[in-house]
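Asks: sequence first, then the predicted structure:
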2 protein chains.
Amino acid sequence: MTDQTPLRSGGRAARRAARAAPLAAHMRPIRPGMEGGQYRPLSDADMQAIHTAALDALETIGLCDAPPSGVAYLTGGGALLGDDGRIRFPRALVEDTLAKANRSVTLFARDPARDLQLSGNRVHYGTAGAAVHLVDVAGNNYRECGVQDLHDAARITDVLDNIHFLQRPMVCRDITDNAEMDINTIYACCSGTTKHVGTSFTDPAYVKDALEMLHMIAGGEDKWRERPFVLNSNCFVVPPMKFATESCQVMEACIEGGMPVLLLSAGMAGATAPSTVAGAIVQAVAECLAGLVYVNAVKPGHPAVFGTWPFGLDLRSGAMTGGSGEQALLTAGCAQMHHFYGVPGGAAAGIADAKMPDMQAGWEQMCSNVMAGLSGLNMVYEAAGMHASLLGFCHESLILGDDLIGQALRCVRGIEVNEETLALDQMREVCIGGPGHYLGTEQTLSRMETDHVYPALGNRSSPKEWEELGKPELVPNATRRKEEILSQRSQARFDPVTDKAIRERFNIHLPA
Amino acid sequence: MTDQTPLRSGGRAARRAARAAPLAAHMRPIRPGMEGGQYRPLSDADMQAIHTAALDALETIGLCDAPPSGVAYLTGGGALLGDDGRIRFPRALVEDTLAKANRSVTLFARDPARDLQLSGNRVHYGTAGAAVHLVDVAGNNYRECGVQDLHDAARITDVLDNIHFLQRPMVCRDITDNAEMDINTIYACCSGTTKHVGTSFTDPAYVKDALEMLHMIAGGEDKWRERPFVLNSNCFVVPPMKFATESCQVMEACIEGGMPVLLLSAGMAGATAPSTVAGAIVQAVAECLAGLVYVNAVKPGHPAVFGTWPFGLDLRSGAMTGGSGEQALLTAGCAQMHHFYGVPGGAAAGIADAKMPDMQAGWEQMCSNVMAGLSGLNMVYEAAGMHASLLGFCHESLILGDDLIGQALRCVRGIEVNEETLALDQMREVCIGGPGHYLGTEQTLSRMETDHVYPALGNRSSPKEWEELGKPELVPNATRRKEEILSQRSQARFDPVTDKAIRERFNIHLPA
């Protein structure tokens, strides 16, 4: 179903040589931006019903708590401010916004080869979150996380093929000044990876300094505005149906500064959103439509990601849970609504409730990650490293997540059906007067690298080989890989002149 | 999208009382036989192309090595025996068979409440395989498995809600006489669970004794024939495109004895089947169509499961692998072909390549299990407990698999969209003059048991609670659960008179 180019080179020696070298990007079995969409949990009628309910909610319930500037933008655009302080959105206003909103968004990266093209069913996986703990696997322990942990996560992400972007997954708990924390978060991320970065701001006043640093990293404001490589992950709404006043002001400042925006609605199904999967999706869709109207009222066509992120709740305890089947459905259903509207979207998947990278973590992370991919979600946030229902981030789990997401991406790529893959001629040659097996056929050999995703740390040996290898263990091997990555010099570091200038202007906590 | 009955009882006390008791079967959030089909990796044109290629393969390549009896049945039905010894299947013969084959099959269980109705997109998960090792998690070791291990697996399966059937997952390596092994395999399975059982035979001559024992268990041949609760898992084909002569004779004997048949084609993609996902599916479909013609030539309408079980291969080593994305696609694609033909089908999923129940095992087992369910596979074989690419079986992993499959089944159930679940009225009440959250709404409370699947061993506590609980570990907790299950008396045991009679007639290795 997708455009795979089989590796075709003459002769076995050439093939061996080709296999020894890393595959060219276009020949790899999996890539960022593969197209999902084969999984559709919602029927067309279901999507229409969700859309209608969301429009009703916007027209009759509306949202309160917009900042004065937001009230002006929104009412100027055609929304109505009620006596109860709620802003209501006439159906036509929402439909007009959808008609003119961006159908595709490029999320730039410092390395242009790593830009992400969001549209249709194109799937990308990356980190996100605001974990307050680092998971220490060797000590079987949770500890507060800091700026070095964040930078290490960025550096690890930088070398993992299947982690396509780095949204800040951890809070720098060791930086008590919020302005410094916001600056250092961006520094720690951008100096660790040349992939696309996402971040948040604790106060609208901090955006200006951040933009100044980003201009320095980019080599000037014009260069930044041409290819803004950092996105503002913006919780513009406090579900249910209230604008987050300060975050809206952050959003306005980011739009002004040319920074793309992730419109993030993070309702908890059963607490701040309806407990039903459909109801939580309705509310998230309504809130993000309000956000989309807002963004387009500030600046028509400004790049925005439709961030319906409803989370699950364990109703026995009232605590968040992200590893459930309900969570996977919430996310996949949201992806379908993004396609219904034809707007680039993101949602959360890959969250483990498990405290450590154990079997539970594996099944929880795979369930929502593979379903998000198959549903064609553009941006799969929190896809790797997240434990304890988002409270902990784990470097080893991030590394293992690269393997896990590799297999999910293979599923997203799907089943190619054409004359060569149907293999009827091959079957005939093998069965009638042939060797009776396919091990040595031209097709098997030529496709062995382009069709198959091999795990880096996942173990496929037989019990006998496994014993001979000293019974390798997954998590300690991930720790070794982590140490190997972090012992190498990062290719994402800023050039010394820029770095010096940044450090003279800002209080950078990471050692030079 | 499915028919969930929400729990509606008056008053909070009644709800509390209702929650304390186990939910009635029809109110449980998940059940055997939920309908998948929301995931479709193949387009209609893809399925047509696979069907056409399979028909071509049957018509022009055909299968060799049928036993003389099979040659007689097949040529009597309209197949053609060529000078090369291959039996070829005219297109019309296959189409006629498909027109009259069973559209639905009931797989009976000793407990009628546990019968499985195979049709459409109804999904059931269970064990299967022929592992030769038991995975000893405490010792981090693989050892040969025996009849007691098999019986323990049956007893554990008996109490796990989300393991719907027991096909023999392990070989009794401690019974050297094959005739005794086959009898004891059935005894160990059936005396351990009242769920549907699947088994194999090493020799056609052993079927007679097995049937004699099954008649004793059933309380007479008539009772057995009315509700045959054991299926013959039959590898009737040695891919590519060769009948397995002796297995075909086993199949004929089983059909004669009234035992349903699983037509199992287990090609390895890249070795005994084409390496491409589409090609491996074509060959498996062709082989199972040949098997379906065979069964219907012996006895029209005999209950048969279309067992396209193509496996993945790691082409770097030439060894089998079952934990890959390619495996998940193979299985999901096969499920769609079952629906294309409208015949009940089964395939393999849930296989871990991981040696132990670690994070790798979790992601591998979930990937193919959830995709199999979403594709609407009737019988998901090998869904729990299988490690080391089918070489090892693990009791702890079986127990954890119940949690894992529970979440997969929640995904299969899907997203219900109706006026109540869309929750617009609830949203209005909560947001306008209401409490601003959904924690205490009638809908949240009334649906908390019927909508949500809670893990039994999966841990959802916060890091703080987790520490206070002494950092519970998943696998040791599964071991404790195993010991608890095995310390109780099995409700599946045969009545003493029957058991005595069986033991007088056969050499039963399990202690009485």
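Replies: Nice, I can see it.
Asks: and the contacts of whichever strand or helix holds A:V475?
Replies: Element membership for A:V475, per DSSP states H and E: helix A:474-487. Applying Cβ atoms under 8 Å, 6 or more residues apart in numbering or on different chains, the external contacts of helix A:474-487 come out as A:137-138, A:152, A:155-156, A:159, A:356-357, A:395-397, A:399-400, A:456-459, B:354, B:358-360. C-beta here means a position set from N, CA and C on the backbone, and glycine is covered the same way.
Asks: let's see which of these end up in helices.
Replies: A:152, A:155-156, A:159, A:395-397, A:399-400, B:359-360 (DSSP state H).
Asks: tell me which two of the residues you listed sit farthest apart.
Replies: Greatest spacing in these, by Cβ to Cβ: A:R155 and B:Q360 (23.7 Å).
Asks: and those two? which has more neighbours close in?
Replies: B:Q360 (28 against 24; other Cβ atoms under 10 Å in any protein chain shown).
Asks: nearest residue to that one other than its sequence neighbours?
Replies: B:A354 (3.9 Å; Cβ to Cβ, 6 or more residues apart in numbering or on different chains).
Asks: wait, the one you found sits on B:G323?
Replies: Yes - applying Cβ atoms under 8 Å, one finds B:A354 in contact with B:G323, separated by 6.9 Å.
Asks: any common contacting residues for the two?
Replies: Shared contacts of B:A354 and B:G323, defined by Cβ under 8 Å, 6+ apart, are found at A:458, B:360-361, B:364.
Asks: which parts of the stretch 1-150 of chain A are strands?
Replies: All strands of the stretch 1-150 of chain A, identified by DSSP state E, counting those that start in this stretch, fall at A:34-35, A:80-81, A:87-88, A:105-107, A:116-118, A:122-127, A:133-136, A:141-144.
Asks: so which of those is nearest chain B?
Replies: Among those, the nearest to chain B by Cβ to the nearest Cβ is strand A:141-144 (4.2 Å).
Asks: tell me the mean pLDDT over that closest one?
Replies: Taken as a whole, strand A:141-144 has an average pLDDT of 98.
Asks: can you list the strands that that strand pairs with?
Replies: Note on strand A:141-144: by DSSP bridges, its sheet partners are strand A:133-136 (antiparallel).
Asks: let me see the residues that make contact with the strand it pairs with.
Replies: By Cβ under 8 Å, 6+ apart, strand A:133-136 touches A:141-146, A:149, A:170, A:355-357, A:387-388, A:391-397, B:463.
Asks: right, and the helix or strand after the helix holding A:V475?
Replies: Downstream of helix A:474-487 (by DSSP H and E), the next one is helix A:496-505.
Asks: taking chain A, what residue is nearest to chain B?
Replies: Counting by Cβ to the nearest Cβ, chain A gets nearest chain B through A:G362, at 2.3 Å.
Asks: for that residue, what are its contacts?
Replies: A:404, B:358-366.
Asks: could you rerun that using 10 Å?
Replies: A:352, A:354, A:397, A:400-401, A:404, A:474, B:352, B:354, B:357-367, B:404 (Cβ atoms under 10 Å, 6 or more residues apart in numbering or on different chains).
Asks: just A:C248 next, same as before
Replies: A:65-67, A:69-71, A:73-74, A:204, A:234-237, A:291, A:294, A:298.
Asks: remind me which helix or strand it belongs to.
Replies: helix A:245-256.
Asks: partner strands of the helix or strand that that helix is followed by, with direction?
Replies: Proceeding N to C from helix A:245-256, the next assigned helix or strand is strand A:261-265, under DSSP H and E. Sheet pairing of strand A:261-265 (DSSP bridges) gives strand A:230-234 (parallel), strand A:304-308 (parallel).
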